[in-house]
Each structure stands twice: as structure tokens, then as C-alpha cells.
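Asks: any chance you can model this:
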Amino acid sequence: MLSSQKKDFELVKQFIEGDQKSIEILINRHKDRVYTYIVLIVKDTQLAEDIFQDTFIKVIKSLRRGKYQEKGIFVSWVMRIAHNLIIDFFRKSKHLKTYSSEDGEMDVFNSKKLAEDNIEDLLISDQIASDVRKLVNMLPDEQKEVILLRHYGGLSFKEISEQTGVSINTALGRMRYALINIRKLIEEYNVNLTKI
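Replies: This next block holds a predicted model:
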């Protein structure tokens, strides 16, 4: 069987065993999906290219260190790495964007904007943003994806529908369940998302 016809897990195994061409095939196979995901969220092609490269550097290092266990789909694991690098970027640059909820429901992403005149407010805002990101990471993948695309990527529900291949109603439903689940997590973990 040609290497290009092999399944991801077979190529991962070959790479771990020393076949460098296997990782090239994996990167080429998934580069469009991973890059598109990154650029949709960061909205900057240069930054997206940097994060894309960092993603696959981390993938290669993790594979070499034996940090990858075949528990799911390889590309999902790569997307999680890309997602974490995007979150790291937002954390470092404090570029976390907030958007209004279209349906008027209370939206945890509408915390007060970062205050530049008071270091205490800035630290509290950073903590709130960090807490929200942790809550988002606890959501099921489908709900987490719609939150990221909508609130961090700024996409409309029509664009989310096209990007994820689901109907607009399904995307709206996932957002609704995501917000319900985040509210439950806020209560369960007693998270305070307000400035005192």
C-alpha cells in the first residue's frame, strides 16, 4: 500500500519508528483544515502561519516524546494543540474579543473590557478571561467549537454553519447548550466573573 493511502495511525506509527516522510504526508493531509481553523479564529494570515508552524513543531516533538496515545482521531489531537496555542496567544497579548449575544441572553463573554488605567482591574480582567477559557475547554468538542468560532473568531452563525457542515439551527442549538453548560459550570465551580 502506498504511504499516502495509509490511515493516520499507521503513518504516526511509522514516524515514531523513524520514517520522516510519514509526518510530511500527515501534515499535507491535514494542513488545510488546521490552517483554516487557525486563521478563522485569529483573523491574521501571518499570525495564523506562525501558529500553524508552532502547532506542527509541537506535534512532532510530542510524537517523538511518546506523548501521543491513539485515543481518538489524529487530526482532532492536532486541532486541540492548535486551539491551545491560539488560547496562549490571546492570553499573552490580551486580545480576547467579546461579542454581544444575539438572542439577548446573559452571555459570560460580556465581562467588562480590560481597564488600562488600573493594574488591579487589569489583573482581575485577565483572571476572568482565563476562567472563561477554562470553562470553555470543559465543554464537549462540538459546543467548544461553536463558542470559539462565534466569540473568539467573530463568525456569524451562517459562517459557523458553513465551516462546520451543520445547519444554522444546529449551530444555534450547540451555542444554546454551550451557554447553559457554562452557567452550570460557573455554579458548580463557584466561579466569579464580575469585578468587585
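
Asks: outline the domain layout of the chain.
Replies: 1-93, 96-196 (automatic domain parsing).

Asks: name the element the most centrally placed residue in the chain belongs to?
Replies: Nearest to the geometric centre of the chain sits His83, at 3.2 Å (Cα atoms, centre = their mean). Taking DSSP states H and E as the criterion, His83 maps to helix 74-93.

Asks: how many residues are close by Tyr37?
Replies: Tyr37 is flanked by 24 other residues according to other Cβ atoms under 10 Å. Where you see a C-beta, it was placed from the backbone N, CA and C, and this is true even at glycine.

Asks: would you mind finding the longest helix in this structure?
Replies: Taking DSSP state H as the criterion, the chain has its longest helix at helix 20-42.

Asks: could you give the angle of that one to helix 74-93?
Replies: 50 degrees (axes from the mean of the first three to the mean of the last three Cα atoms, to 10 degrees).

Asks: just the buried positions in the next helix-or-strand element following helix 20-42, please.
Replies: Under the assignment DSSP H and E, the closest C-terminal helix or strand after helix 20-42 is helix 45-64. Residues of helix 45-64 classed as buried under the neighbour-count rule (16 or more other Cβ atoms under 10 Å) are Leu47, Ala48, Ile51, Phe52, Asp54, Thr55, Phe56, Lys58, Val59, Leu63.

Asks: and stretch 84-93, by the same measure?
Replies: Result for stretch 84-93 [16+ other Cβ under 10 Å]: buried residues Leu85, Ile86, Ile87, Phe89, Phe90.

Asks: which residues touch stretch 16-30?
Replies: 3-4, 6, 8, 11-12, 14-15, 56, 59-60, 63-64, 66, 74-75, 78 (Cβ atoms under 8 Å, 6 or more residues apart in numbering).

Asks: what do you get if the cut-off is 10 Å, keeping everything else the same?
Replies: Stretch 16-30 is contacted from outside by 2-6, 8, 10-15, 34, 52, 55-56, 59-60, 63-64, 66, 68, 74-75, 78-79, using Cβ atoms under 10 Å, 6 or more residues apart in numbering.

Asks: type out the ChimeraX command that picks the buried ones from these.
Replies: Applying 16+ other Cβ under 10 Å to the contacts of stretch 16-30, the buried members can be selected in ChimeraX as follows:
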select :6,8,11,12,14,15,34,52,55,56,59,63,68,74,78,79
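
Asks: may I ask which helix or strand of this protein has the lowest mean pLDDT?
Replies: Every helix and strand of the chain was ranked by mean pLDDT, DSSP states H and E. The lowest is helix 119-137, at a mean of 72.

Asks: which strands and helices lie in contact with whichever helix or strand comes after that helix?
Replies: As assigned by DSSP H and E, the chain's next helix or strand after helix 119-137 is helix 141-147. Helices and strands touching helix 141-147, by 3 or more Cβ pairs under 10 Å, 6 or more residues apart in numbering; DSSP states H and E, are helix 74-93, helix 119-137, helix 157-164, helix 168-188.
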